[in-house]
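Peer 1: generate coordinates for the sequence data below:
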Amino acid sequence: MAQSFDFLVGTFNTPELYTLRFTPASASSKESSGDLQVLHCASAVGSHSWLHLSPLKEDGTRNLYATAWTEPPAVVAYVVKSPTDIQLLDSAPTRSRSGYVTASEKALYSAGGATGEVFSLDPKTGNIIPPPEFDGARENGAGKSSDIQPLQLLSFTLSKPQRDDGSVMDFGGLRHGAHSADLSPDGSALYVADIGRDCIWTFSVDPETGALTRAEMHKSPRSGDGPRHVWPHPSGKFVYCVQEHSSMVDVFSTTNRGVNLLHEQGVRIVREYDEPSDFWADEVRTSLSSGRKPKYLYASVRGLKEGKQGYVAVYKLTEEGKIDTSLEPDYTYRPPMRSYPILKPESPEYRGLLKLWKTPTSGGWANAIQPGPTVDGVEYLALTDSEQGFVFVLGWDGDKIREAARTKLGDGVGAATAVWL
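Peer 2: The predicted structure is shown next:
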């Protein structure tokens with residue numbers, strides 16, 4: 001019997017969590033499609049635009065943390081007992097709509113627009129809990145009372161005011177402020193990509209409480225890049241930043257336990273002649289099949305308007321973690337000859353490109369990629385679409401990308417992001 005793999009999907013506009021089951025095609029029929037089905041739909045606190053899944057616990061459960069686009073906005077903790085048994089633990093309000101959440105055993109981190117929060121967690125249950133006695137007189141302050149007060153409040157404002165508080169449906173602060181939060185592999189550093197400030201904020205993490213100390217505000221390599229998400233290499237020696245406005249992915253080396261960054265490389269994730277203003281870049285991830293030495297870097301871009309198809313890019317990584325610029329780029333970075341008969345000289349911004357694949361839709365607010373299992377040498381990735389509500393599974397065999405399966409969540413349901421169980 002063929003092995004199946006499950007993953008969870010949140011939405012932008014419905015209070016639901018979906019469990020999907022993917023069954024790859026057999027090895028003897030690589031060109032055949034696999035099967036993707038909606039296995040379960042669970043009620044949720046609100047629409048969950050971003051999901052973070054904790055490692056497996058000794059009792060076989062995991063914790064799922066999510067942004068909640070409720071009123072007021074919040075972050076939420078669940079316990080995942082099985083793919084179809086997902087139970088609410090608790091929620092905690094945030095000052096503005098959160099873009100991303102991430103967590104360690106001790107703390108949950110949220111960032112969105114001008115503000116962010118650190119919440120204490122129960123290491124045993126994973127639930128959000130009131131903070132222990134803690135000196136809030138830090139650089140980033142202490143906040144107002146709530147049912148569950150944060151351990152720490154974060155502020156990403158400078159002299160220039162934020163365009164709004166990030167709580168409105170048109171993304172507001174999320175598109176013009178802090179957008180993501182991710183920990184280094186060893187948990188010693190936190191990275192916050194800030195679209196509006198054109199920077200990456202880095203913080204050192206207190207190993208006892210999870211509290212943060214601001215380290216640096218690292219300006220983007222190009223003006224107007226719009227840093228959206230920072231993803232670490234498993235070694236912690238490099239991080240990758242996807243730039244929403246310029247459709248670039250930049251590689252930074254890290255020092256001082258991850259909090260100091262040095263720009264090393266930058267690569268493009270839309271075709272030659274494409275205008276970055278027609279797109280908004282979305283995600284960046286490393287492949288999972290080679291453990292601490294991933295072979296590939298995946299990145300995705302959304303079309304800014306309905307009908308403008310996005311892209312998924314695959315770049316080759318060296319064992320160290322840089323883009324392998326010794327490789328000439330795959331021809332897919334160039335448009336058809338009939339469209340642009342005069343080709344530019346080869347750009348160094350495409351060196352190391354293995355494939356640039358056009359997505360079936362614009363992706364809407366999503367086009368988010370999430371690497372999953374590797375089966376018979378094929379790496380599978382989930383790809384979400386909020387324009388038409390599709391969820392795709394893509395297959396990458398080291399040579400080409402193909403659509404392995406697709407399904408739809410429901411009428412009017414905008415798929416947001418996925419996490420594999």
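
Peer 1: from now on I want contacts and neighbour counts done on CA atoms only, so please keep to that.
Peer 2: OK.

Peer 1: so which strand or helix has the residue nearest the centre of the chain?
Peer 2: With distances taken as C-alpha atoms, centre = their mean, Glu283 lies nearest the centre of the chain, 5.2 Å away. Following DSSP states H and E, one finds Glu283 within strand 279-286.

Peer 1: and that strand, which strands flank it?
Peer 2: For strand 279-286, the paired strands and their directions (DSSP bridges) read strand 296-303 (antiparallel).

Peer 1: quick one: contacts for Thr206?
Peer 2: One correction, residue 206 is Asp, not Thr. By C-alpha atoms under 8 Å, 6 or more residues apart in numbering, the contact set of Asp206 is Ser188, Leu212, Thr213.

Peer 1: ok, the nearest residue to the second one once chain neighbours are set aside to Gly187 distance?
Peer 2: Of all residues not flanking Leu212 in the chain, Val205 sits nearest, at 4.8 Å (C-alpha to C-alpha, 6 or more residues apart in numbering). Noted for Val205: a distance of 7 Å to Gly187, by C-alpha to C-alpha, to the nearest Å.

Peer 1: again, but for Val301
Peer 2: 28 Å.

Peer 1: those two - which one has more neighbours?
Peer 2: Val301 (32 against 19; other C-alpha atoms under 10 Å).

Peer 1: could you count how many residues lie near the residue nearest to Glu244 when sequence neighbours are not counted?
Peer 2: Distances taken as C-alpha to C-alpha, 6+ apart place Ala281 nearest to Glu244, at 4.2 Å, with adjacent residues excluded. A count of neighbours around Ala281, defined by other C-alpha under 10 Å, yields 32.

Peer 1: so Ala281 touches Gln243, yeah?
Peer 2: Yes. In this structure, Ala281 is within contact of Gln243 by C-alpha atoms under 8 Å, at 6.2 Å.

Peer 1: what do the two both touch?
Peer 2: Arg228.

Peer 1: beta partners of Pro227?
Peer 2: Counting by DSSP bridges, Pro227 is bridged to Gln243.

Peer 1: quick one, what contacts it?
Peer 2: Ala193, Asp194, Ile195, Asp198, Cys199, Ile200, Ser220, Cys241, Val242, Gln243, Glu244, His245.

Peer 1: could you identify the most distant pair in the residues you listed?
Peer 2: Greatest spatial distance among the contacts of Pro227 (C-alpha to C-alpha): Ile200 and His245, at 14.6 Å.

Peer 1: neighbour count: these two, which is higher?
Peer 2: Ile200 (25 against 21).

Peer 1: quickly note the distance from the more buried one to Asp274.
Peer 2: Distance from Ile200 to Asp274, by C-alpha to C-alpha: 26 Å.

Peer 1: part of a strand, is Glu349?
Peer 2: No. Read with DSSP: H, G, I helix; E, B strand; the rest coil, Glu349 is helix and lies in no strand.

Peer 1: so where is this protein shaky, pLDDT-wise?
Peer 2: Where the chain drops to pLDDT under 70, the residues are 1, 28-32, 133-146, 158-176, 337-345.

Peer 1: ok, now with 90
Peer 2: 1-2, 26-33, 132-147, 157-177, 273, 289-291, 331, 333-347, 410-411 (pLDDT under 90).

Peer 1: and for Ser246, the neighbour number?
Peer 2: 23.

Peer 1: what sits against it?
Peer 2: Ser246 sits in contact with Gly224, Asp225, Gly226, Pro276, Ser277, Trp280, Ala281, where contact means C-alpha under 8 Å, 6+ apart.

Peer 1: that one and Ser110: what is the separation?
Peer 2: 25 Å.

Peer 1: one more: Tyr240?
Peer 2: In terms of C-alpha to C-alpha, Tyr240 sits 19 Å off from Ser110.

Peer 1: of the two, which one has the most company?
Peer 2: Ser110 (30 against 25).
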